[in-house]
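Visitor: below is the structure, and that's it, no one-letter string:
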């Protein structure tokens, strides 16, 4: 046998599957060999065990199994009873891995102690076993076993020790390259996410204020940050809910890991699941490559669900599963993945009202609001307006490359007297406009006329159409009103279908499509 040619072929193989094929082929070329198997030690990429969460550490995973064409069984499957061999068990395969020494035996009963299922038709042909540890860079990476049709002797397969040593190097190098590729992809994902976060970063780098309301809020942040509890951050738009989420994360034991933000209001309805959980290539039109979802990206860190009330009802069930069990599946993939994520959620809606209206799951509400925090509006912390304005003036001047303007007392008094319906975000915009319009190094003037328009009651849009979200909301409210008027009765005299002039089956289908899964009388 040309050993040098075999070693070269193993060295040039790409990927573990190709390497293992080059390892088994020459072994199965010997007439004495019935079967050959290779186990990997601590294989995090095992295709059989990857979906499971209770795989023990320091276990051997069967990654290749082959038989001669004349064997009564191909034995090519790797998911049998001998796939997973725990370290420290009575299995001889585990003994080889533990001691790092080869074993040669003519006593193979019971065969399952040698890594071969007793139910295999080929088991009856085995008269001996040669087992070799696979050493790579000073540690054991696996075990190679040859099952023989004749009792083994010392000079049988004299080249096997050298072959096993080279096979170990080829397998070790291939696994190392695979790990490097995995880490490279993870770093690329984190880099892209951090770039996105940097492009959207607000100019405030901390929480500003010494008011009683802010002091009370920060005490709550300190209390909950050290725990693993999920937090629901409630408050009007523009009050700084994201800053509170960042403060909780930064003061938590998870601060060394990522804080991944998801703006639920900006995700198209048909992309929610892909955004949260990821997808595999070809899962849907436009999925040209695998994508890692935000939950997987936040593993061992924190995920911030901004505007959580915008999540569709049909996805809320899957979100609840992740919060309860940490399990999810990518779109287009059957394998179950597991993550350890802390959830911070924010909303400017009253979620309890949303629950009563059937637009938000009660169990999800309880799961998210383990520790609710109410962020006060700016009008309830007027003492902080001057400090916030000063911070915004400095940051806006630096960002816009303009000299620092002066803020006269009379102009600051205008800010203090205003109600700020848009809260801190509105104050920031007013200050930035004033910085832009201020003379070179001169006095600022705060124009609140455009902001006053925001205080007027919201009017219905004048456009002659409705968006899909608005139409679905109106339809849902109309159906709920009809059901309430009918006492929950769908069909029959004075039922909701009769009130609406609809077929009862059509109404039932629409209720189901809108996520109204409650059972009504018919």
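Guide: That came through, no problem. None of these values were measured; they are calculated from a predicted model.

Visitor: list the buried residues in stretch 82-100.
Guide: Neighbour-count burial for stretch 82-100, counted by 16 or more other Cβ atoms under 10 Å, picks out 82, 83, 84, 85, 87, 91, 92, 93, 94, 95, 96, 97. Glycine gets a C-beta too; all of them are placed from N, C-alpha and C.

Visitor: stretch 400-408 now?
Guide: For stretch 400-408, burial by neighbour count (16+ other Cβ under 10 Å) applies to 405, 407.

Visitor: which parts of stretch 128-141 are buried?
Guide: In stretch 128-141, counting by 16+ other Cβ under 10 Å, buried: 128, 129, 130, 131, 132, 133, 134, 135, 136, 140, 141.

Visitor: list of residues touching it?
Guide: 38, 40-41, 92-93, 96-97, 99-106, 108, 114, 142-148, 150-152, 156-157, 160-161, 164-165, 167-169, 171-173, 175 (Cβ atoms under 8 Å, 6 or more residues apart in numbering).

Visitor: centre of the chain to it, how far?
Guide: Here the centre of stretch 128-141 is set off from its chain's centre by 36 Å, with Cα atoms, centre = their mean, to the nearest Å.

Visitor: between the two ends of stretch 375-385, what distance do you get?
Guide: 15 Å (Cα to Cα, to the nearest Å).

Visitor: of the contacts of stretch 128-141, buried ones?
Guide: Applying 16+ other Cβ under 10 Å to the contacts of stretch 128-141 flags 38, 40-41, 92-93, 96-97, 103-104, 108, 114, 142-148, 152, 156-157, 160, 164, 167-169, 171-173, 175 as buried.

Visitor: which ones among the buried residues of stretch 128-141 map onto strands?
Guide: Members of those lying in strands (criterion: DSSP state E): 128, 129, 130, 131, 132, 133, 134, 135, 136, 140, 141.

Visitor: so can I have TSV of those residues showing pLDDT?
Guide: TSV is the format used below for these (pLDDT from 0 to 100):
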residue	pLDDT
128	87
129	89
130	87
131	87
132	87
133	88
134	85
135	85
136	82
140	86
141	84
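
Visitor: can you name the next helix or strand after the lowest-mean-pLDDT helix or strand in the chain?
Guide: Scoring the helices and strands of the chain by mean pLDDT, DSSP states H and E places helix 449-455 at the bottom, with a mean of 54. Of the helices and strands lying after helix 449-455 in sequence (DSSP states H and E), the nearest is helix 468-485.

Visitor: what's that next one packed up against?
Guide: Judged by 3 or more Cβ pairs under 8 Å, 6 or more residues apart in numbering; DSSP states H and E, helix 468-485 is in contact with helix 496-500, helix 504-513.

Visitor: one more time with 6 Å, if that's ok
Guide: Applying 3 or more Cβ pairs under 6 Å, 6 or more residues apart in numbering; DSSP states H and E, we find helix 468-485 packed against helix 496-500.

Visitor: list the buried residues in the helix it packs on.
Guide: Across helix 496-500, burial judged by 16+ other Cβ under 10 Å covers 496, 497, 498, 500.

Visitor: what of stretch 363-377?
Guide: Judged by neighbour count (16+ other Cβ under 10 Å), stretch 363-377 contains these buried residues: 364, 365, 367, 368, 369, 371, 373, 375, 376, 377.

Visitor: ok, now stretch 377-393?
Guide: Of all the residues in stretch 377-393, those buried under the rule 16+ other Cβ under 10 Å are 377, 378, 381, 382, 384, 385, 388, 389, 391, 392, 393.

Visitor: now those as TSV including distance to residue 275, pLDDT and secondary structure?
Guide: Putting those into TSV (distance: Cβ to Cβ, whole Å; pLDDT from 0 to 100; DSSP: H, G, I helix; E, B strand; the rest coil) gives the following:
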residue	distance to residue 275	pLDDT	secondary structure
377	30	93	coil
378	31	93	helix
381	34	92	coil
382	39	92	helix
384	35	92	helix
385	36	92	helix
388	32	92	helix
389	36	92	helix
391	33	90	helix
392	32	92	helix
393	37	92	helix
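
Visitor: any chance of JSON lines for the residues you listed, columns distance to residue 222?
Guide: Shown next, in JSON lines, are the buried residues of stretch 377-393 (distance: Cβ to Cβ, whole Å):
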{"residue": "377", "distance to residue 222": "22"}
{"residue": "378", "distance to residue 222": "22"}
{"residue": "381", "distance to residue 222": "18"}
{"residue": "382", "distance to residue 222": "24"}
{"residue": "384", "distance to residue 222": "18"}
{"residue": "385", "distance to residue 222": "24"}
{"residue": "388", "distance to residue 222": "21"}
{"residue": "389", "distance to residue 222": "26"}
{"residue": "391", "distance to residue 222": "22"}
{"residue": "392", "distance to residue 222": "26"}
{"residue": "393", "distance to residue 222": "29"}
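
Visitor: hang on, the earlier thing: so which of the buried residues of stretch 363-377 are in strands?
Guide: Per DSSP E, those map to strands at 371, 373.

Visitor: quick one: which of the buried residues of stretch 363-377 is nearest residue 406?
Guide: residue 377 (28.2 Å; Cβ to Cβ).

Visitor: got the contact list for the closest one?
Guide: 236, 239, 423 (Cβ atoms under 6 Å, 6 or more residues apart in numbering).

Visitor: nearest to residue 400 among these?
Guide: Set against residue 400, the nearest of the contacts of residue 377 by Cβ to Cβ is residue 423 (22.3 Å).

Visitor: name all residues that make contact with the closest one.
Guide: The contact partners of residue 423, by Cβ under 6 Å, 6+ apart, come to 236, 238, 239, 377, 378.

Visitor: once you drop chain neighbours, what's closest to it?
Guide: Leaving aside its sequence neighbours, residue 423 sits nearest to residue 238 (Cβ to Cβ, 6 or more residues apart in numbering; 3.6 Å).

Visitor: so is residue 35 in a helix, a strand, or just coil?
Guide: Three-state call for residue 35 (DSSP: H, G, I helix; E, B strand; the rest coil): strand.

Visitor: what are the bridge partners for it, then?
Guide: On the basis of DSSP bridges, residue 35 is bridged to residue 67, residue 147.

Visitor: and for it, the neighbour number?
Guide: Neighbourhood size, residue 35 [other Cβ atoms under 10 Å]: 29.

Visitor: now do residue 478
Guide: By other Cβ under 10 Å, 11 other residues sit near residue 478.

Visitor: so for the closest residue in space to it that isn't next to it in sequence, what's the pLDDT?
Guide: Closest residue in space to residue 478, ignoring its immediate chain neighbours: residue 500 at 7.8 Å, by Cβ to Cβ, 6+ apart. Residue 500 carries a pLDDT value of 80.
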